[in-house]
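S.K.: no sequence on hand, only this structure:
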């Protein structure tokens with residue numbers, strides 16, 4: 001994967017920004033090492049995706065992109081801007097599908113940590 005650009009975004013950030021689900025799915029298998037990188041706004045690709053979903057009208061591709069990021073290991077509890085997480089943004093904006101996906105990911109990770 002290429003390094004971050006002039007605003008500290010990596011290719012995953014740009015795939016999310018452009019709502020390109022196909023691009024995201026293509027890159028994710030090779031991008032686990034950059035999935036938690038933060039951009040110049042202190043956002044991971046998942047933080048950016050949830051924030052964009054909260055601001056824009058919901059589209060199925062956005063929700064599928066968030067699910068793909070979670071399946072690749074993105075952390076819904078990763079802090080941005082000092083105190084907020086993607087979970088906070090989803091809850092504050094009533095993004096029920098996203099909240100359910102986050103809770104499932106958190107539950108699954110807790111189950112995996114038992115082994």
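M.R.: Done, it's in. Source: prediction; values computed, not measured.
S.K.: now do the longest helix along the chain: which elements does it pack against?
M.R.: Criterion DSSP state H: the longest helix present in the chain is helix 96-113. Judged by 3 or more CB pairs under 8 Å, 6 or more residues apart in numbering; DSSP states H and E, helix 96-113 is in contact with helix 60-71, helix 86-92. For every residue, glycine as well, the C-beta is placed using N, CA and C.
S.K.: averaged pLDDT, the first one. What do you get?
M.R.: Translated: helix 60-71. Average pLDDT, helix 60-71: 95.
S.K.: in its sheet, which strands sit next to the very next helix or strand once past that helix, and in what direction?
M.R.: Towards the C-terminus, the helix or strand next in line after helix 60-71, according to DSSP states H and E, is strand 79-80. Paired strands of strand 79-80, with direction, are strand 84-85 (antiparallel) (DSSP bridges).
S.K.: can you pull up the most central residue in the chain?
M.R.: Among the residues of the chain, residue 46 comes closest to the average C-alpha position under CA atoms, centre = their mean, at 1.4 Å.
S.K.: while we're on the residue lying closest to that residue once chain neighbours are set aside, how confident is the model there?
M.R.: Distances taken as CB to CB, 6 or more residues apart in numbering put residue 74 closest to residue 46, at 4.0 Å, once the chain neighbours are dropped. Here the pLDDT value assigned to residue 74 is 96.
S.K.: over to residue 54?
M.R.: Residue 54 is assigned 92 on the pLDDT scale.
S.K.: quick one: the nearest residue to it once chain neighbours are set aside and residue 63, what's the gap?
M.R.: Nearest residue to residue 54 in three dimensions, chain neighbours excluded: residue 93, at 3.9 Å (CB to CB, 6+ apart). Plainly put, residue 93 is 13 Å away from residue 63 if you go by CB to CB, to the nearest Å.
S.K.: joint contacts of these two?
M.R.: Both residue 93 and residue 63 are contacted by residue 53, under the criterion CB atoms under 8 Å, 6 or more residues apart in numbering.
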